[in-house]
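[1] I would like the atomic coordinates for the input below:
(2 chains)
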Amino acid sequence: MGKIDVLNGNKAAAWGAKLSRVSLLAAYPITPQTPLVEYLATFVSDGEIDADLVEVESEHTALSVLQGGVFAGARTFTGTSSQGLALMYEPYIRTSTMRLPIVMALVTREVISPQTVWGGQQDAITVREAGWIQIWCESNQEVLDTVIQAYKIAENKGVLLPVNVCYDGFSLSHMAERVDIPEQEIVDTFLPKPDITHVKLDPEEPMAVDPLTAGPMLTEYRHKQVTAMKYAREVIEEVRQEWLQLFGRDHGGMVDVYRMEDAESAIVCMGSPAGTSRVAIDEMREHGIKVGMVRIRVLRPFPIEEVTQLLSQVKAIGTIDRNVSFAAGFGTSYLELKTAFGGKTMPPMIDFIGGLGGSDVTMDQIKQAIVITQYVGQGGQYRDVTWFGLDEVNIQELFEQSPQEEKEGIL
Amino acid sequence: MNTSDSKNYSTQPKGAKPTLVKKDSFFTKKRFEFIFREEKKIKEAYYDVIRQEDLLSPGNSACLGCHAELALRTTLRILGPNTILAIPPGCMGGIGVVGFQGGSGAKIPVFFPLLDNTAAMLSGIKRQYQREGRDVNVVAFAGDGGTADAGFQSLSGAAERGENIIYICYDNEAYMNTGVQRSGTTPKWSWTQTTPVGEKGNGKSQKGKDMPMIMAAHNIPYVATANPSFLPDYIEKLKKAMQVKNGMSYIHLYSGCPTGWKFPTEKTIEVGRLAVETNLYPLWECVDGKFRMTHEVKRRTPIQEYTRSMQKYAHLKDEEISQLQYSVDQNYRKLKNLCKIT
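    Coordinates of the predicted model:
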């Protein structure tokens, strides 16, 4: 097998791009993505990646350069965060509507204001309706593997959509972990050379790309894009299976599931809080609380079937969000789950918001969330949304309020 | 139409009078001779061009007398089929050069970049083709908004990075596709829909950007001004731009707009000539930092001839015209000095 190294999230992403044999890179530094640009530059300078690195003057240009590259048949890679993503939004939304299979690391960060440079998930959340596939990673190993998988998904002829590989700024981007780097030869068998022809600008085969298009035809384009997004679910699952066979690793498909077999309550989260949740779940299970976790690995397309099937089995759901939605003051996964269940009956659900602007989502907080969710599952009443650090959380009180016969179950 | 209705619904500047009538200064004997002489030169220059295939759709919806459309048609003939063309939103996009409903407006690969990322997208295309060892003309044909305003950042970045693309700006001195709104290159006192002439308004109150000079300051291998009314000069410059392999070449095209500037559609070529003959728009090139005039004007025509030829300047008073004359002469002197010292 490949070699073992200690990599931070940014370096893992750079390794993913290297192993995917990208030919055109363009990126503009922004905290916490900056080291990614430096790693890529070093790889190119050392001749380890045979690619052009375009030193652009903005994120807007970074993605635009890649779009041009795809028009010429290139496999491309970039990365950004927060305000960079905001500046990039104009070409960003067009990347999906032009069906360009670009892969971009999205090192998630809080958005300003107040002025901040630290982690969060708000940047990626705000663009979830821009037509990109969003895959959320939990570990640096998953970052590396997902970058390579992302090309396989994006370049699938039935998909042809851009993919964001999202990993939490600092919590993953700057944390070093043990990473198994796959062998180039095996990656090559997994990921063939790019064959992008639907938007090729080639004088030998002239084509107009993106002429003016009226409503009825545009509607058809949009419908096709949505269909491709639906189809991506199947492809993501296929890619997962193939990866498992070739490399023996599984990060989940649309969702990643932990100890859900006999779970009475479930924690739902995205990104780095999942790692902490696993440890918290193990500990709480020792206290007799049967809790499991559903990690939303792919936010777009949303794993509607998976979550409804898994979560309709439990008595209560607790979502942990490192972001907010302004629709109703809940976090995004809470709202997405509500939508996924639609009119179907669903277990009671409560939301926990934390980890904004680089705040930690701590073990204690997750344990509290687990206890409260369990309490709600047993018929207890609790506020719909709890903001860690703002709202007072008193587990002892919950314990007092619980019916005597259920106290044992709580703590 | 009810003539007693005093409300002015037209887009013509307030108080404008038609200035180009049959007996105006255009129809002097001297001018006819000049035109005859130039026509011969143009014919010769065009002889090569005319045999090249016209790569632009004949069925576009450009305004009558559009200078830019003429320039683009010639541009594509010179560039030939080994070309990838970017047409950002603007007049040329609006008239259907990229195409409509899945149909193409040109016989070469053509696409819409965003208004503000033309140079960036072309960078990506060119880089990939360079990697594959294929020499393809990668060309932008962009308006002044997509060049000097919204598109400036990506253009400046690409110039600085030395991207090997040909960037042609057709400057009709306002946002014409959206209906004549002021741009960064709109000259002082020009009437536009957003710099109207009225009780307080007197056209645009600021000077326009000197875009070709700004590009020359980027130290790119080739910068030139050109004018479709001087086609042989433009053709020569475009051919030079195609030879450049070590960076960007930039051509700034004067682009007369009968619709937005309010002059008769058949006068486009003449208005373009006047711009050069008055020294308002000198034809020059800058090769590797060396400036050179490509068309010497022996005795410049007073700027009044030019301002009188279109209604966007119809409101100008004598004092303003003499100020304009001063600034035209000053710019020209500056340019001549640049040619001397470089």
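[2] quick one: low-confidence residue ranges for the chain.
    I went with chain A, as the question did not name one. For chain A, applying pLDDT under 70 flags the ranges A:1, A:399-411.
[3] oops, chain B please
    B:1-28, B:31.
[4] strands along that one, start to end?
    Assigned by DSSP state E, the strands in chain B fall at B:83-86, B:99-100, B:103-104, B:110-111, B:137-143, B:166-171, B:222-226, B:249-254, B:284-287, B:290-293.
[5] biggest helix in chain A, by residue count?
    Ordering each helix of chain A by length in residues (DSSP state H) puts helix A:215-247 first.
[6] tell me what that one is packed against?
    helix A:82-97, strand A:133-136, helix A:140-154, helix A:184-190, strand A:298-300 (3 or more CB pairs under 8 Å, 6 or more residues apart in numbering or on different chains; DSSP states H and E). C-betas here are computed from N, CA, C, even on glycine.
[7] nearest to residue B:215, of the ones you listed?
    Closest to residue B:215 of the helices and strands packed on helix A:215-247, according to CB to CB: helix A:82-97, at 23.3 Å.
[8] so what strands line up beside the very next helix or strand once past that closest one?
    Per DSSP states H and E, the first helix or strand lying C-terminal to helix A:82-97 is strand A:103-108. According to DSSP bridges, strand A:103-108 forms sheet pairs with strand A:76-80 (parallel), strand A:163-168 (parallel).
[9] closest one to residue B:225 among these?
    Using CB to CB, the strands paired with strand A:103-108 put strand A:76-80 closest to residue B:225, at 35.5 Å.
[10] how many neighbours does the spatially closest residue to residue B:246 that is not a sequence neighbour have?
    Sequence neighbours aside, residue B:221 is the residue nearest to residue B:246 in space, at 5.6 Å (criterion: CB to CB, 6 or more residues apart in numbering or on different chains). Residues near residue B:221, counting by other CB atoms under 10 Å in any protein chain shown, number 20.
[11] surely residue B:221 and residue B:243 touch.
    No: between residue B:221 and residue B:243 there is no contact under CB atoms under 8 Å: 9.4 Å.
[12] got the residues of chain A near chain B?
    When proximity is defined as CB under 8 Å from any CB of the partner chain, chain A approaches chain B at A:23-24, A:26, A:52, A:54-58, A:60-61, A:64-74, A:76, A:90-91, A:94, A:201-203, A:205-214, A:217.
[13] mind doing that once more with 6 Å?
    Chain A comes close to chain B at residues A:24, A:52, A:57, A:61, A:64-69, A:71-72, A:74, A:90-91, A:201, A:203, A:206-212, A:217, as judged by CB under 6 Å from any CB of the partner chain.
[14] which of those are buried?
    Neighbour counting with 16 or more other CB atoms under 10 Å in any protein chain shown marks A:24, A:52, A:57, A:61, A:64-69, A:71-72, A:74, A:91, A:201, A:203, A:206-209, A:211-212 as buried within these.
[15] tell me which of those fall in helices.
    Secondary structure from DSSP H places A:61, A:64-69, A:71, A:91 of those in helices.
[16] contacts only, for residue A:140.
    The contact partners of residue A:140, taken as CB atoms under 6 Å, 6 or more residues apart in numbering or on different chains, are A:7, A:9, A:12, A:177, A:179.
[17] hmm, try it at 7 Å
    A:7-9, A:12, A:172, A:177, A:179 (CB atoms under 7 Å, 6 or more residues apart in numbering or on different chains).
[18] from the residues you listed, pick the one nearest chain B.
    Checking those against chain B by CB to the nearest CB gives residue A:12 as the nearest, at 25.3 Å.
[19] in which helix or strand would I find that closest one?
    Using DSSP H and E, residue A:12 falls in helix A:9-19.
[20] what is that helix packed up against?
    helix A:34-45, helix A:140-154 (3 or more CB pairs under 7 Å, 6 or more residues apart in numbering or on different chains; DSSP states H and E).
[21] give the buried residues for stretch B:98-115.
    The neighbour-count criterion (16+ other CB under 10 Å) identifies B:98-100, B:104-115 as the buried residues of stretch B:98-115.
[22] between those residues, which is closest to residue A:105?
    The closest of the buried residues of stretch B:98-115 to residue A:105 turns out to be residue B:114 (CB to CB; 22.5 Å).
[23] quick check: the gap between the closest residue to the closest one other than its chain neighbours and residue A:225.
    Spatial nearest neighbour of residue B:114, excluding adjacent residues (CB to CB, 6+ apart): residue A:90 at 5.8 Å. Distance, residue A:90 to residue A:225, by CB to CB, to the nearest Å: 18 Å.
[24] likewise for residue B:63?
    For residue B:63, the distance to residue A:225 - CB to CB - is 35 Å.
[25] do residue A:50 as well
    Separation of residue A:50 from residue A:225 (CB to CB): 32 Å.
[26] also residue B:340?
    The spacing between residue B:340 and residue A:225, counted by CB to CB, is 59 Å.
[27] neighbour count winner among these two?
    Between residue B:340 and residue A:225, counted using other CB under 10 Å, residue A:225 has the larger neighbour count: 17 against 8.
[28] return the nearest residue of the stretch 1-150 of chain B with respect to chain A.
    Closest to chain A within the stretch 1-150 of chain B is residue B:124: 2.6 Å, counting by CB to the nearest CB.
[29] please name the nearest non-neighbouring residue to that residue.
    Take residue B:124 and drop its neighbours on the chain: the residue closest to it by CB to CB, 6+ apart is residue A:68, 2.6 Å away.
[30] same question, residue A:228
    Residue A:228 sits nearest to residue A:159 (CB to CB, 6+ apart), 5.3 Å away.
[31] cool, residue B:329 as well?
    Spatial nearest neighbour of residue B:329, chain neighbours left out: residue B:279 (7.0 Å); criterion: CB to CB, 6+ apart.
[32] residue B:155 now?
    Spatially, and ignoring its direct neighbours in sequence, residue B:155 is nearest to residue B:119 (4.4 Å; CB to CB, 6+ apart).
[33] nice, that's everything, thank you.
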